[in-house]
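> no sequence for this one, just the structure:
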């Protein structure tokens, strides 16, 4: 039986670019839900998360361009903007961040297996970022579930803790955004 051909890192990263754009769309959907429910702080939090996921995709695009690999821009799929209750978007987000963590770890393993040291170094920041993202969504889910009957309490928590507004990370990889 012939040995299965290993996936190239560029092909795997292009798949992750698609995943990051999909995560961005999902966060926009969550933001729209909270916006429609007149929960502006939860909406703003998820709009910021959407931008952050888009930025991750753009970092991956920049990396592929920098190493001379082809970039594939994925199709955009429709995502629902309605949920059973106010905690569902956060539950979905936590599961999504856990899934993205697994995807990043798989990319890291592939880079290591292929002895692609540039790719491994590039992914270091994303590994750190996913620890932060899973923790953030876990904390938000705890708060939203405790305040399920009055999400204005979650709004107060977000305002008080300035949740999701960490600012620029100088250690982040550059993004393909024209500002070099």
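On my side now, so go ahead. Since we're looking at a predicted model, the values are computed, not measured.
> tell me who's in contact with the spatially most central residue of the chain.
For the chain, the residue sitting closest to the mean C-alpha position, by C-alpha atoms, centre = their mean, is residue 53 at 4.0 Å. If you count contacts by C-beta atoms under 8 Å, 6 or more residues apart in numbering, residue 53 has them with 20, 21, 23, 24, 27. Quick note: C-beta positions are derived from backbone N, CA and C, even for glycine.
> the last one in helix, strand or coil?
Under the three-state scheme (DSSP: H, G, I helix; E, B strand; the rest coil), the conformation of residue 27 reads as helix.
> just to check, it is in contact with residue 54?
No. Residue 27 lies out of contact with residue 54 (C-beta atoms under 8 Å); the separation is 9.1 Å.
> who's more crowded, those two?
residue 27 (25 against 19; other C-beta atoms under 10 Å).
> neighbours of the closest residue to the more buried one other than its chain neighbours, how many?
Distances taken as C-beta to C-beta, 6 or more residues apart in numbering place residue 50 nearest to residue 27, at 3.7 Å, with adjacent residues excluded. For residue 50, the tally of surrounding residues (other C-beta under 10 Å) stands at 20.
> quick one: buried residues of the strand or helix carrying residue 50?
For residue 50, the host element (DSSP states H and E) is helix 40-66. For helix 40-66, the buried set under the neighbour-count rule, 16 or more other C-beta atoms under 10 Å, comprises 41-50, 52-64.
> circling back to that earlier point, any idea how far residue 73 is from the residue nearest to the centre of the chain?
Residue 53 sits at a distance of 15 Å from residue 73 (criterion: C-beta to C-beta, to the nearest Å).
> what about the protein, any weak spots by pLDDT?
1-6, 165-167, 178-180 (pLDDT under 70).
> tell me where it has helices.
Applying DSSP state H to the chain gives helices spanning 9-36, 40-66, 88-113, 117-146, 152-161.
> out of the ones you listed, which comes closest to residue 177?
helix 40-66 (5.7 Å; C-beta to C-beta).
> could you give the angle of that closest one to helix 117-146?
170 degrees (axes from the mean of the first three to the mean of the last three C-alpha atoms, to 10 degrees).
> can you give me the neighbour number for the nearest residue to residue 79 once chain neighbours are set aside?
Once flanking residues are discounted, residue 79 sits nearest to residue 29: 4.4 Å by C-beta to C-beta, 6+ apart. Residues lying near residue 29 (other C-beta under 10 Å) number 19.
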